[in-house]
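> Got a sequence here, can you model it:
(chains A and B)
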Number of protein chains: 2
Amino acid sequence: MHSGRKQEDGERYQAILETAARLICERGYEGTSMQEIAAACQMTKAGLYHHVQNKEQLLSDIMSYGMSAFEQEVLEKVRSLADPVERLRECMRLNIHLVTGVTGGCSKEVIIILHEHNTLTGEARASIDQRKKRYVRFLEDSFDEAMRTGRIRAVQPTVAAFSFLGMILWIYKWFQPGGRLTATQVADDMVDLLFTGLVTPPGVVPGAPSPLSRERPPVSGGAS
Amino acid sequence: MHSGRKQEDGERYQAILETAARLICERGYEGTSMQEIAAACQMTKAGLYHHVQNKEQLLSDIMSYGMSAFEQEVLEKVRSLADPVERLRECMRLNIHLVTGVTGGCSKEVIIILHEHNTLTGEARASIDQRKKRYVRFLEDSFDEAMRTGRIRAVQPTVAAFSFLGMILWIYKWFQPGGRLTATQVADDMVDLLFTGLVTPPGVVPGAPSPLSRERPPVSGGAS
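Below is the predicted model:
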């Protein structure tokens, strides 16, 4: 009975987090009140406070859930890849799948981590920041290793890491699911763009698709 | 006398915008009250409302000022460059200078445009969105032109445009003025990274700096 009750509480809390994440993702943290979260959960405000300490705790738990999803779906899947370039390419691909919602259903938690990066304070913020920094360090180390082993040319690893991240983490601002570009196409093209670059390789007929990239029909203008 | 009064009002309004931009940049739009803006301007709330219609008008004017600065300092300076690759490279460099605060003093207005992209509503939002879309279209067209003229290999212009933007517009989240990397270094390295890519050109000794990039000592790890 007791553990059944505990499980029920856990499931209820998970449902609250899910609803709160949807609201905060749409309206921002400051723009969402506990009253609105309670209403969306079909609870009273007092009922909500039975499950949740305060709004910051809710935000912290949403971010923590999002970071865990990222670590499980992206980082842990690529860490063991021996070749640093293969590791980075696969990492970018999986991370794009995560932010576009191809993997799991936690793109809103990831968006909240990105958008509310200055909102948390104290220990909760330090903990999320540490997990983010671990990712940045992983990227810098992988770029560094790729350079040392001659797999890529010499670049500044921090600039490379944050370029890699900027390309991926900006996607939530412009990508429209069901739009003209699919999430898989964005992932494949972006990996190709960063790792192969834009220069026409010597000996390639100008305008023809590069042998380094897969052929893809050009799509004309129009911002998403 | 009358035009002197008008000018005085204009200068006062400019000072209010400046102060409001600083607060909104630090605390977010929802996290900043008109009361706090008035206090920071050393005015009463009633006094502030003498100059400002409402908070949304203030946000709209801040964004409009930021977009004008961007158009003047970046877009208008590169539009006339005949070579599309040269145009795009210079555009990226100048835009990075703008977000890092090298150019003008309007990095906070630009950050607000980026961070509060969902906050404005109605006509004010439509106007800013239209100016942003004009920039995306300019980038797509330039990438398209670079492809057609054989200056770069075939890539998806929308993915290229938003990769370009993501790299630049993420910078405000990690770059620290006075830190280990200078704004100029970030600008030069990022342009080089996107346009030259990461692959070691054939015939280059692995690990040695590519002849396509300027020589730069590798800097080891450490997230900013």
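
> Show the contacting residues for the residue in chain A that chain B sits nearest to.
Residue nearest to chain B within chain A (Cβ to the nearest Cβ): A:Gly197, separated by 1.6 Å. Where you see a C-beta, it was placed from the backbone N, CA and C, and this is true even at glycine. Applying Cβ atoms under 8 Å, 6 or more residues apart in numbering or on different chains, we find A:Gly197 in contact with B:Leu194, B:Phe195, B:Thr196, B:Gly197, B:Leu198, B:Val199.

> Model confidence for it, exactly?
We have a pLDDT of 78 for A:Gly197.

> What of A:Lys55?
In this model, A:Lys55 carries a pLDDT of 93.

> isn't it right next to A:Met34, touching?
Yes: between A:Lys55 and A:Met34 there is a contact under Cβ atoms under 8 Å: 5.5 Å.

> Contacts only, for the spatially most central residue of chain A.
Centroid-nearest residue in chain A: A:Val99, 4.4 Å away (criterion: Cα atoms, centre = their mean). The neighbours of A:Val99, taking Cβ under 8 Å, 6+ apart as the test, are A:Ser107, A:Val110, A:Ile111, A:Ile168, A:Leu169, A:Ile171, A:Tyr172, A:Phe175.

> Let's see that with 6 Å instead.
A:Ser107, A:Val110, A:Ile171, A:Tyr172 (Cβ atoms under 6 Å, 6 or more residues apart in numbering or on different chains).

> follow-up on the earlier one: using TSV, please lay out the contacts of A:Gly197 together with secondary structure and distance to A:Val159.
Listed next are the contacts of A:Gly197 as TSV, based on DSSP: H, G, I helix; E, B strand; the rest coil; distance: Cβ to Cβ, whole Å:
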residue	secondary structure	distance to A:Val159
B:Leu194	helix	11
B:Phe195	helix	13
B:Thr196	helix	13
B:Gly197	coil	14
B:Leu198	coil	12
B:Val199	strand	17
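
> so where do the helices sit in chain A?
For chain A, the helices defined by DSSP state H cover A:2-27, A:34-40, A:45-51, A:55-70, A:76-78, A:84-99, A:107-115, A:122-148, A:157-169, A:171-174, A:183-196.

> got a winner among the contacts of A:Gly197 for most neighbours?
When neighbours are taken as other Cβ atoms under 10 Å in any protein chain shown, the top entry among the contacts of A:Gly197 is B:Gly197 (25 neighbours).

> how about that one, phi and psi?
Per-residue torsions, B:Gly197: phi 80, psi -170 (degrees, to the nearest 10).

> re the thing from before, could I get the pLDDT score of the residue nearest to the centre of chain A?
Confidence score, pLDDT, at A:Val99: 91.

> And for A:Pro157?
pLDDT, A:Pro157: 95.

> wait, what's in contact with it?
A:Glu140, A:Phe143, A:Asp144.

> got those as JSON lines, with pLDDT, neighbour count and distance to chain B columns?
What follows is the contacts of A:Pro157, written out as JSON lines (pLDDT from 0 to 100; neighbours: other Cβ atoms under 10 Å in any protein chain shown; distance: Cβ to the nearest Cβ, whole Å):
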{"residue": "A:Glu140", "pLDDT": "97", "neighbour count": "23", "distance to chain B": "5"}
{"residue": "A:Phe143", "pLDDT": "95", "neighbour count": "27", "distance to chain B": "8"}
{"residue": "A:Asp144", "pLDDT": "95", "neighbour count": "21", "distance to chain B": "7"}
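
> Can you tell me which of the residues you listed lies closest to A:Leu23?
A:Glu140 (35.2 Å; Cβ to Cβ).

> The closest one and A:Glu73: what is the separation?
Using Cβ to Cβ, to the nearest Å, A:Glu140 is found at 21 Å from A:Glu73.

> do the same with A:Gln53
28 Å.

> When the two are compared, which one has more neighbours?
Neighbour count, other Cβ under 10 Å: between A:Gln53 and A:Glu73, A:Glu73 has more, with 18 against 10.

> Excluding chain neighbours, give the residue nearest to that one in space.
A:Thr103 (5.0 Å; Cβ to Cβ, 6 or more residues apart in numbering or on different chains).

> Any buried residues in the lowest-mean-pLDDT helix or strand in chain A, and which?
The least trusted helix or strand in chain A, going by mean pLDDT, DSSP states H and E, turns out to be helix A:2-27, with a mean of 83. Buried residues in helix A:2-27, counted by 16 or more other Cβ atoms under 10 Å in any protein chain shown: A:Ile16, A:Leu17, A:Glu18, A:Thr19, A:Ala20, A:Ala21, A:Arg22, A:Leu23, A:Ile24, A:Cys25.

> Against which helices or strands is it packed?
helix A:34-40, helix A:55-70, helix A:107-115 (3 or more Cβ pairs under 6 Å, 6 or more residues apart in numbering or on different chains; DSSP states H and E).
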